[in-house]
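K.L.:
Take this sequence and fold it.
(one chain, ligands or ions: 2)
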Amino acid sequence: MDLTEETKNMSINDQNLQTKRSGYIDWQEYFMATAFLAAKRSKDPSFQVGACVVNRDNKIVGIGYNGMPIGCDDDEFPWGKNTPSPLDSKYLYVCHAEMNAIVNKNSADVKDCIIYVGLFPCNECAKIIIQSGITEVVYLSDKNGHKPTYIASKRMFDAAGVKYWQFKPKNDKIVINFTGIDWENMSPSK
Ligand SMILES: Nc1ccn([C@H]2C[C@H](O)[C@@H](COP(=O)(O)O)O2)c(=O)n1
Ligand SMILES: [Zn+2]
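P.N.:
Numbering: from 1, shown residues only. Ligands and ions are numbered 1, 2, ... in the order given. Okay, here's the model as predicted:
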């Protein structure tokens, strides 16, 4: 039996398994989706942000989301915004996603890394990003772009030579379905 004959006798399913799968997510979607997944850990009732730091070999070296510092109980510390005293609002306490992703790094440093983040970094995170050696920022939303805090971030990034650009997703949604794979009937690896 020659090769073409053999191919004819293969099921369509087996034939499909001879070539690379299509429909996989690309690196940028993968890293931004990782940032979005991390955001799901946030306890902030009004805004959940995630960040993912990646090196030039496409290895993830840090992940973070906005949350209270270690030891500051997120049931005890405030989550409000417009409180009479600033001491009773979240702003003086919460660590931003970018800061957490950088300090959570699992590599020696984050020099020349890229940070993927849901929301454009504030001025405080911009300083941390610059000082850590990160050279590229990929963000999804710049909803606060008109505010001085974010204008200051861009001014610092421009001066420090940190590149930033907006991620335009190819997919509106990437669904994770824990029960969506039929493990029993998946083709065994040959
Ligand atoms: N790039 C950013 C921007 C904001 N965050 C965090 C900080 C707060 O938890 C929240 C913003 O609160 P809002 O004033 O929108 O209620 O998002 C961050 O982690 N990274
Ligand atoms: Zn920030």
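K.L.:
Any regions of the chain where pLDDT drops low?
P.N.:
Scanning the chain for pLDDT under 70 picks out 1-8, 187-190.
K.L.:
For the most centrally placed residue in it, give me its contacts.
P.N.:
Closest residue to the average C-alpha location of the chain: Ala35 at 1.9 Å, with CA atoms, centre = their mean. Residues in contact with Ala35 (CB atoms under 8 Å, 6 or more residues apart in numbering) are Gly50, Ala51, Cys52, Ile63, Ala97, Tyr116, Val117, Gly118. In this view, the C-beta of every residue, glycine as well, is placed from N, C-alpha and C.
K.L.:
That one belongs to a strand?
P.N.:
No: per DSSP: H, G, I helix; E, B strand; the rest coil, Ala35 lies outside any strand segment and is helix.
K.L.:
need the helices for the chain, in chain order.
P.N.:
Assigned by DSSP state H, the chain shows helices spanning 3-8, 12-16, 27-39, 97-103, 123-132, 148-160.
K.L.:
Out of the ones you listed, which is the most enclosed?
P.N.:
helix 97-103 (a mean of 26; mean count of other CB atoms under 10 Å).
K.L.:
residues making contact with that helix?
P.N.:
35, 38-39, 42, 49-53, 62-67, 110, 115, 117-119, 121, 124-125, 128-129, 132, 134.
K.L.:
Please repeat the previous calculation with a cut-off of 6 Å.
P.N.:
Residues from elsewhere that reach helix 97-103 (CB atoms under 6 Å, 6 or more residues apart in numbering): 49-51, 53, 62-66, 117, 121, 125, 128, 132.
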